[in-house]
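Student: Provided below are the primary sequence and the corresponding predicted coordinates.
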Amino acid sequence: MKKNKYYCRIDGTIYNLKSIQEMIDSEERTGPIYISLLEDYKLPEKYADRLTYYIYEKNSIPADLDVAWDEIRDRNSQDNQNNQNSQSNRNAKNLESRKKPHCPKCGSASITVATRGSTLLYGIWGSNDPVNYCISCGYKWEPR
Ligand SMILES: [Zn+2]
């Protein structure tokens with residue numbers, strides 16, 4: 001039953017991600033996974049981003065990327081809601097919204113910052129600079 005753990009449904013198509021599973025197992029979890037998804041599996045960038053993100057967080061391949069991604073998004077928007085509820089002070093809220101980056105593309109506050117410690121986007125940027133990553137639409141940009 002363990003043999004199927006590297007099959008992943010992406011946008012309705014089942015992919016055999018055996019070589020990706022091997023990379024996860026061998027702990028080579030930096031650029032190569034993302035690059036491999038793009039070049040070996042010819043995944044659209046959007047799905048390669050999401051799958052890489054999932055793999056970094058869960059250390060495994062999801063059976064269905066769309067389902068897995070919905071869960072990540074749900075959890076993220078829940079986090080945002082909790083943050084807002086706990087802020088009764090309006091000034092604190094303003095400060096928070098100024099501090100918190102929003103996606104310049106879709107305006108979502110569900111932003112992850114990939115830094116030196118988390119090499120999620122290393123393959124794209126090829127540097128140790130922090131990179132903002134929008135959970136909602138997958139847009140990436142360098143923080144100012
Ligand atoms: Zn966005």
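Tutor: Cool, the structure landed.
Student: element containing the spatially most central residue of the chain?
Tutor: What sits nearest the mean C-alpha location of the chain, by Cα atoms, centre = their mean, is Y53, with 3.0 Å. Assigned by DSSP states H and E, Y53 belongs to helix 45-58.
Student: Is the ion within reach of that helix?
Tutor: No: residues of helix 45-58 contacting the ion under Cβ under 5 Å from the ion: none, with a closest distance of 11.4 Å. To be clear about C-beta, it is placed using only N, CA and C from the backbone, and glycine gets the same treatment.
Student: The helix or strand that that helix is followed by - contacts with which helices or strands?
Tutor: Once the chain leaves helix 45-58, the next helix or strand it forms, by DSSP H and E, is helix 65-85. If contacts are counted by 3 or more Cβ pairs under 8 Å, 6 or more residues apart in numbering; DSSP states H and E, helix 65-85 sits against strand 7-10, helix 45-58.
Student: tally of neighbours for the residue nearest to D40 when sequence neighbours are not counted?
Tutor: Spatial nearest neighbour of D40, excluding adjacent residues (Cβ to Cβ, 6 or more residues apart in numbering): S19 at 6.8 Å. By other Cβ atoms under 10 Å, 14 other residues sit near S19.
Student: Thanks again, I'm all set now.
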